[in-house]
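Q: Here you go, sequence then predicted model.
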Amino acid sequence: MSSLNPDGSLDGQESASELAGNPEITGSEEKKSPSPDMSKRVAAKERIQQYYSQLTEGCGNDSCTNENCASSSSFRFKDIDRNKLAVEAINLSKAKADLCERRPSKVLCLPTQEVQRERGSSSSPASGAPSSSFSSSSSSTQYAAATSAPAPGGPVGQGAKAKIPSPTSSCKLNFTANSSAKDKEPEYLTEELLNKIIEECEAKKSWSKLIHLIGSVYNNPESILLSFHVKNESTTSHQTSDCDTDNNSASKALGTDTPMDCSESDSKQTFPSANSDGKSDRKGLSSTVDAGDVYPLDLASLRRAYSRLAEVPDQPFQGALINALLALAPTVDRDIRYSGALERDPNYILVFVVVFEIPMLHWPEYLENAFPSICRAVGQLPVQHQARLANIWAGFGADRLREMVNSLQQLITVQVINNELSWSATRRPGDIPAITGATRVLKIIYYASMLGGKMDPPELIKEEKRLSEADSLQEHMQGAFGFEIKDSTPPKEDPLGQKLGVQVIHCREPLVPWEDFVNEPLNDNLELGDDYTNYRLESENKFSFVPYYFILTTASKHTSMYYDNRIRMLHERRAAFVQTLVHGGPPNPFLRVRVRRDHIVDDALVNLEMIAMEYPSDLRKQLFVEFEGEQGLDEGGVSKEFFQLIVEELFNPDIGMFTYNEQSHHFWFNSMSFENDAQFTLIGILLGLAIYNSCILDIHFPMVVYRKLMGKKGTFKDLFDVDPTLMNSLSEILEYEGKDFKEVFEMTFRIGYKDVFGNNLTYDLKEGGENISVTQENKLEFVDLYADYLLNKSIEQQFRAFKRGFLMVTSESPLRQLFRPEEIEVLVCGSKVFDFQALEKATTYDGGFTEESQTIRHFWSVVHALPEEEKRKLLQFTTGTDRVPVGGLSKLKMIVARNGPDSDRLPTSHTCFNVLLLPEYSDEDKLRDRLLKAINYSKGFGML
């Protein structure tokens, strides 16, 4: 990953294979000197393709008299399928039959006013010709499709019946500027024109005209820009000026009746802001897309036309469309990179909108070449134009965005499966341009899904930013322990999100669920170590999926963060040795915590508080726990038990730091706690250390705690996990619409609560709250203030200390960049699914045991019959924790090793390495008895 270039692509990642190995995008390919035999074979192949094209598509001349041409009325192969036509093409090539000349090339130039008026007078109002302001150097350049359709028999998608496209198509035309614009007009499509041509072709039983039109329009961006414009009533009027016509069209797209001033024609696109629910109001964009210019696209008409096109039997235009898209991608890429097309004409972005609406893009024939080439072109867009595209797609609605996501996921999955057997150290998914291109497009849709979903109100986001800055200032002023100026490295912000002003944490509910963006087959084939290396090195020639975290599973992201944490631990260890060499003294490469079991909280508090005050950077060293009087060496297992024991102590209701809700089964901060801030800071440090050292805790916090750790405020929507009863009561207040509201509820803006001794206390939600009644008009304000008090103000001191401790460990971690609050909960608490069948499949065996050993069969028979509580104890005994790791039990690499012949000894374990030592018991009953005693009466560590 390279540093961001404002005028470059989204993240600067363009692998060498993408830049050098993609003639579809670069427009160049390596020249090789073919052998004479090879030249003959190529010439013969091209000639057979010409005959096949003539038999399937025709020459485009309706008056053709060649009986071997599909355009001829006397065509002699009308009822023969394409497979037989391929055989006939070979026979015609051998016989050297006549080949028709293709129709003359079309000139792609801008229609003059005279041409527009001529069209307007000769066309019906329904099919009036649109106009375009686009002007490109490509108008005077020859265009030729340099690629052919996918070869029959190549790897394609699963399930769908293959509709093999023709090797050549009528879209392979040379567009020159040698003809006059008055003689040749650029072709375009409208819904009416498409329907008319389809009807004509059905009547003649010849699809050559449709094939030629599809190939000509989709071969170049200018024709696409002229197609499917919003109709305006002034099209048939010859007195209306071009400026008035264009502006009336724009105002109709925007849903207004006031024509725009010419001086405002270059104004930027604006969207309605979020409403009170945080959801953007984009209903007006569901059928018409306006890209910030004066020529909006008639999306509804475009979709109806595509639906009609998809109904054509056998899709005879398919080869032409595929080849046209293959030619379009490099043309568009050159226009954007070298001709400044998007800067001269904002309309140009609509080329991608039109193409991505093609309903056949996810078909197997398109997945091989056409769809990937378009994705690569979109992926190379500069950030500001990707942001515009995200804004446009945000108005498409949940169903359409989900379809687009599914198509891109299908493309990625097909590419992964087709290349599954060819992965190597030099060829990984990040080296496949089709995969990286589709991933980049997914990122645009990812942000579009957030923009169109339920976002937090802008006022709330501003308030959260203000509070965050105030907290930082307070830490500076107070000189809070653990603060170091050098630890101020902010997490990297995504360039596209920064351009759009959108962060994942601010979106409550996207249009497309977060899970739909995850691609499991891709994650299964990723070498996460190499991928993270590419990310850290910021290599320009290597692609990394870390910036595209939305496509990764929580387990994959956890692995990436694990590598990041290990790198930081090694850095701190190296720094410790340097300090030893320079200043002398014993080396201290680890974060050593020595505790007594009977005084675990006090000892941990003293150890960690001293470290946080004197050497806060030591918190980012690898944790090494020692229990006084025990011989266990901490390779992970001792730390797990340390966390379990200290969490049990700190969350004991008798201590009073937290309250427990019986309904939600969650702990919440006790605003009346007598414990000082250091205790809450300790819990924050422990939470951070657990994530940093990949340990799972038995902590049951509501989701709002993790949201607040990410910088959010608690709101009414977060109240249910804290106090379901109160949430239901406040919901009833909001739902009551009766006029007697004040008499029914009899409430004021003063609330009451009890302290730890049972004394009744009051709090005014606003100044003079006792004298302000809650009414139908101000009930929403009352509910918001009530929730704000319970979730924010009442625990402000305790939570600030807790968050301070958490950030001491995680401030430089990519935690906030990679994970959503829901995923952070999984990192802390582990998965909630106890799938011991998955554990059995993932378990390996050692010491003479195999999967088929009788003792192993008895072992799993006993384990699967255990109740969940006993299964938890088995996990605790074997791994040091009863929590399920991120990704499920299949990610737990447990080893069952033979520990001698049959005996009365109990099973033992190495919790640091997840190894269960099992004697070869003679029968299943004995194994059950020995195992249950071991897991129920085990505590402490020793040396074996």
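A: Yep, that arrived.
Q: Counting neighbours, what do you get for Ala787?
A: 23 (other Cβ atoms under 10 Å). Backbone N, C-alpha and C define where each C-beta goes, glycine included.
Q: Quick check: it vs Leu467, distance?
A: Distance, Ala787 to Leu467, using Cβ to Cβ, to the nearest Å: 16 Å.
Q: Equivalent analysis for Ser639, please.
A: Applying Cβ to Cβ, the value for Ser639 to Leu467 is 34 Å.
Q: which of those two has more neighbours?
A: When Ser639 and Leu467 are compared for neighbours, Ser639 comes out ahead with 24 against 14, by other Cβ under 10 Å.
Q: tell me the contacts of that one?
A: By Cβ atoms under 8 Å, 6 or more residues apart in numbering, the contact set of Ser639 is Leu623, Phe624, Val625, Asn693, Cys695, Gly880.
Q: So which of the residues you listed are in helices?
A: Using DSSP state H, no member of the contacts of Ser639 falls in helices.
Q: Just send those back as CSV, with neighbour count and distance to Pro510 too.
A: Compiled in CSV, those are given as follows (neighbours: other Cβ atoms under 10 Å; distance: Cβ to Cβ, whole Å):
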residue, neighbour count, distance to Pro510
Leu623, 21, 36
Phe624, 17, 42
Val625, 24, 41
Asn693, 21, 32
Cys695, 23, 31
Gly880, 25, 37
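Q: Looking at those residues, point me to the pair that's furthest apart.
A: Phe624 and Gly880 (14.5 Å; Cβ to Cβ).
Q: give the contact list for Val355.
A: Tyr218, Ile224, Leu325, Leu328, Ile374.
Q: can you pull out the strands in the stretch 801-944 of the chain?
A: 844-846, 895-898, 908-910, 915-918 (DSSP state E, counting those that start in this stretch).
Q: Export those strands as TSV, with columns for mean neighbour count and distance to Phe716.
A: TSV is the format used below for those (neighbours: other Cβ atoms under 10 Å; distance: least, Cβ to Cβ, whole Å):
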stretch	mean neighbour count	distance to Phe716
strand 844-846	14	50
strand 895-898	20	49
strand 908-910	20	47
strand 915-918	23	48
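Q: In a markdown table, list those strands along with distance to Gly888 and mean pLDDT.
A: Converted to a markdown table, the strands of the stretch 801-944 of the chain look like this (distance: least, Cβ to Cβ, whole Å; pLDDT from 0 to 100):
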| stretch | distance to Gly888 | mean pLDDT |
| --- | --- | --- |
| strand 844-846 | 17 | 90 |
| strand 895-898 | 18 | 91 |
| strand 908-910 | 21 | 86 |
| strand 915-918 | 19 | 90 |
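Q: closest to Phe806 out of the ones you listed?
A: Using Cβ to Cβ, these put strand 908-910 closest to Phe806, at 31.0 Å.
Q: Run me through the strand neighbours of the closest one, direction for each.
A: Strand 908-910 has these partner strands in its sheet, going by DSSP bridges: strand 915-918 (antiparallel).
Q: any residues touching the partner strand, and which ones?
A: Here strand 915-918 has contacts from 846, 849, 855, 859, 877-878, 894-899, 907-910, 927, using Cβ under 8 Å, 6+ apart.
Q: I'm done for today, thanks for sticking with me.
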